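**Student:** Test case, fold it:
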Amino acid sequence: MAEKDTIFSSSIKSSGIFSFQDFYNFCYDWLTEEAGLLISETKYAEKLSGDSKNIDVDWVGARDVTDYFKFEVKVKFNAGGLTQVEINKDGAKIKTNKGSIKVQVQGVIVKDYQGKFEGSAFSKFIRGIYEKWVIASRLEQYEEKLTGICDEFLAQTKAYLDLEGKR
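**Tutor:** Alright, predicted model coming up:
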């Protein structure tokens, strides 16, 4: 069975004026194009309460790094109190959203995701030696790379929300 290690976990919160649809598209594009992840949406829920709505979205992004290592990035969006507002942008009225959003990111490195070392107890013993002595430095490099991807994604989302709020 594949072994999963969570090596990154962090979140950001923001509130103000932003377009949820544009933010959603920005995040999806960044994860697929910049990080090279294949994204699957595991949850999308909208709850209406009066003229505002709450949206919960869960994504899992995956990318095979080698035939032994795989990256998984789990992203959760929790948008609350989203209301429609109109703003003036360069003299034109634009409909957008106002509310708060929380973005949580988890970076998981999956080892032996193809189950090559699952045949017997001896295979599992060999796997332990392989991970501890043969690929220890490579594992560290991949963990740093995945941490960098997750950290950069959060930085980009925060920068996007900051820019949107100042318009």
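
**Student:** Which element, helix or strand, includes residue 156?
**Tutor:** helix 136-165 (DSSP states H and E).

**Student:** for that helix, packing partners?
**Tutor:** Here helix 136-165 touches strand 3-18, helix 20-29, strand 69-89, strand 92-111, going by 3 or more CB pairs under 8 Å, 6 or more residues apart in numbering; DSSP states H and E. Every residue, glycine included, has its C-beta placed from N, CA and C.

**Student:** where's the last one relative to the chain centroid, distance-wise?
**Tutor:** The chain centroid and the centroid of strand 92-111 are separated by 9 Å, computed with CA atoms, centre = their mean, to the nearest Å.

**Student:** CA atoms only for whatever helix or strand comes next after that strand, dumped as CSV, please.
**Tutor:** Next in sequence after strand 92-111, counting helices and strands by DSSP H and E, comes helix 121-129. The C-alpha coordinates for helix 121-129 follow below in CSV (Å, rounded to 0.1, in the frame of the first residue of the first chain):
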residue,chain,number,x,y,z
ALA,A,121,7.4,-8.9,4.1
PHE,A,122,10.8,-9.1,2.5
SER,A,123,9.7,-6.6,-0.2
LYS,A,124,8.6,-4.2,2.6
PHE,A,125,12.0,-4.7,4.3
ILE,A,126,13.8,-3.9,1.1
ARG,A,127,11.6,-0.8,0.7
GLY,A,128,12.7,0.4,4.1
ILE,A,129,16.3,0.0,3.1
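
**Student:** any residues touching helix 121-129, and which ones?
**Tutor:** The contact list for helix 121-129 (CB atoms under 8 Å, 6 or more residues apart in numbering) reads 112, 116-118.

**Student:** For ChimeraX, write a command that selects the buried ones of these.
**Tutor:** A single ChimeraX command selects the buried members of those (16 or more other CB atoms under 10 Å):
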select :112,117
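
**Student:** which of the residues in the least confident helix or strand in the chain by mean pLDDT are buried?
**Tutor:** Ranking every helix and strand in the chain by mean pLDDT, DSSP states H and E puts helix 121-129 at the bottom, with a mean of 90. Neighbour-count burial for helix 121-129, with 16+ other CB under 10 Å as criterion, is recorded at residue 127.
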